[in-house]
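*Asks:* Provided below are the primary sequence and the corresponding predicted coordinates.
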Amino acid sequence: MLRKNTIPNIKMPNIAIYVSGDKIGDAVLKYPAIRALKHALPKSSKIIWITGNEPSAFYDQLAFLSRGIIDHFYINIDSISSEEKRAIFNKHQIQCFINTESSIKTAIKLKKMYRGLYICPALNYFFSEIKPKFQHENESIFTKFYHMLSLAIGKDLNLKFDIDIPKIYQQYTDEILPEDRYIGFSLGASGFEKAWPLEYFIKLARLKDEYSFKPVFFLGPNEVHLRQKIKGIFSNCVIVPCDELPVNIKNIPLLTISAAKKLSFSVANDSGGGHLLASGRKPIITLFGKNRAKKFSSPYCEQKCINTEDFGKKNVVDLEFKPVYDEFIKMMTSIKK
């Protein structure tokens, strides 16, 4: 018999959430749901975040998002013994354990260690104590995660998508992006095959005079070497992060979100940087490789997903200029109205 579709009625329901790991994009997509869960729980309840064999951006680069929401972290527990894992559950008196992974092997292994309310999407929730009324194939990371957390508390979560920016970051962003029409270009990607060619981004940015906008280029750690090349072409453009940052502006993801709020729209590869721009809640054109758009689409804003398979390509690096140019002009025209 399945358990009742709610956390047991106790004063302090502590919830543990297991993920294999969180890259920046993954964490950004999960943030609205985990924040809503925290607000739905009693104030005394704790959320424990556990990763399998990878780090979590919530723990380092995006700690400003998890602060006050995730109470305890356990990173890379796959490397510790079963007894040590059980000790974590016992220490925090976990009443609900959400294993977000679809791996059958992981589902079985973790279920053996925990005897309370267990939720896991593997094999259409076969191992779960409770199951959703409706199950949808090919859910996005955001939707799948939202459904699991809602399932745990037995009701829909009250989602909010605005990310608060500290005043000091707002002020700095206002300095580097004073009132104007800005279009953002996020050049980064986690692999060569996911990166649209730089020369195509430059071709779009060259439309700045015809359409009266100022380009803003967002560079990740692997793209900083492009700074001088871009400056050589667009002497008055803005590059984030800037050459020299004030001593009190240290978190680049936070700066990226702050700057994204000042854009009219942006164009980005499917990447952590792209997800940060989307979380600024302004329209975005995102370039996705084969079979990735549904999984990694953003809930934050109006998003035009360009899928490489629609144009006979597998990887973003092979995507031609015209499909992106056409959507760019459509979006540019729409913001003029």
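*Replies:* Sure thing, it's come through.
*Asks:* Quick check: which ranges of the stretch 201-337 of the chain have low pLDDT?
*Replies:* Low-confidence segments of the stretch 201-337 of the chain (pLDDT under 70): 336-337.
*Asks:* What are the boundaries of the helices in it?
*Replies:* With helices called from DSSP state H, counting those that start in this stretch, the stretch 201-337 of the chain shows them at 208-211, 227-233, 252-260, 272-278, 293-296, 321-336.
*Asks:* helices or strands next to the fourth one in the packing?
*Replies:* Of the remaining helices and strands, those touching helix 272-278 by 3 or more CB pairs under 8 Å, 6 or more residues apart in numbering; DSSP states H and E are helix 24-40, strand 182-186, helix 252-260, strand 265-269, strand 284-288. C-beta coordinates here come from the backbone N, C-alpha and C atoms, glycine included.
*Asks:* rewinding a little: which of the helices of the stretch 201-337 of the chain is buried the deepest?
*Replies:* With neighbours defined as mean count of other CB atoms under 10 Å, the helices of the stretch 201-337 of the chain peak in mean count at helix 272-278, which reaches a mean of 29.
*Asks:* So which of the helices of the stretch 201-337 of the chain is nearest Ser79?
*Replies:* For those, the distance to Ser79 is smallest for helix 272-278, at 24.6 Å, taking CB to CB.
*Asks:* returning to what we had before: can you say which of the helices of the stretch 201-337 of the chain is nearest to Asn124?
*Replies:* When these are compared by CB to CB, helix 293-296 sits nearest Asn124, at 17.0 Å.
*Asks:* In PDB, list the C-alpha atoms belonging to the closest one.
*Replies:* Output of helix 293-296 as PDB, limited to C-alpha atoms (Å, rounded to 0.1, in the frame of the first residue of the first chain):
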ATOM      1  CA  ALA A 293      15.700  21.700 -25.600                       C
ATOM      2  CA  LYS A 294      12.900  20.000 -23.800                       C
ATOM      3  CA  LYS A 295      15.100  18.900 -20.900                       C
ATOM      4  CA  PHE A 296      17.000  22.200 -20.400                       C
END
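*Asks:* which other residues reach it?
*Replies:* When contacts are defined by CB atoms under 8 Å, 6 or more residues apart in numbering, helix 293-296 is touched by residues Gly25, Leu29, Asn138, Glu139, Ser140, Ile141, Asp270, His275, Thr286, Phe288, Cys305, Asn307.
*Asks:* and the fourth one, helix, strand or coil?
*Replies:* It refers to Glu139. Classification of Glu139 using DSSP: H, G, I helix; E, B strand; the rest coil returns coil.
*Asks:* Now do it, the pLDDT please.
*Replies:* With respect to pLDDT, Glu139 scores 85.
*Asks:* To what extent is the nearest residue to Asp162 once chain neighbours are set aside buried, counted in neighbours?
*Replies:* Spatial nearest neighbour of Asp162, chain neighbours left out: Arg281 (6.9 Å); criterion: CB to CB, 6 or more residues apart in numbering. Neighbours of Arg281 under the rule other CB atoms under 10 Å: 18.
*Asks:* now Ala40
*Replies:* So Ala40, with other CB under 10 Å, has 16 neighbours.
*Asks:* a markdown table please, covering the helices and strands packed on helix 272-278 and showing distance to Gln228.
*Replies:* Output for those, formatted as a markdown table (distance: least, CB to CB, whole Å):
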| stretch | distance to Gln228 |
| --- | --- |
| helix 24-40 | 25 |
| strand 182-186 | 16 |
| helix 252-260 | 19 |
| strand 265-269 | 21 |
| strand 284-288 | 25 |
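*Asks:* closest one to Ile202 among the ones you listed?
*Replies:* Ile202 sits nearest to strand 182-186 of all those, at 8.7 Å, using CB to CB.
*Asks:* Also compute the angle for that closest one relative to strand 284-288, please.
*Replies:* Using axes from the mean of the first three to the mean of the last three CA atoms, to 10 degrees, the inter-axis angle of strand 182-186 relative to strand 284-288 is 20 degrees.
*Asks:* then strand 182-186 to CSV, C-alphas only?
*Replies:* Below are the C-alpha coordinates for strand 182-186, written out as CSV (Å, rounded to 0.1, in the frame of the first residue of the first chain):
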residue,chain,number,x,y,z
TYR,A,182,21.5,46.3,-24.8
ILE,A,183,21.5,42.9,-26.5
GLY,A,184,23.5,40.2,-24.7
PHE,A,185,25.6,37.5,-26.3
SER,A,186,26.7,34.5,-24.1
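*Asks:* Who are the packing partners of it?
*Replies:* If you count contacts as 3+ CB pairs under 8 Å, 6+ apart, strand 182-186 packs onto helix 198-205, strand 214-218, strand 265-269, helix 272-278.
*Asks:* give me that answer again for 6 Å
*Replies:* In terms of contacts (3 or more CB pairs under 6 Å, 6 or more residues apart in numbering; DSSP states H and E), strand 182-186 is packed against strand 214-218, strand 265-269, helix 272-278.
*Asks:* Kind regards, and thank you for your time.
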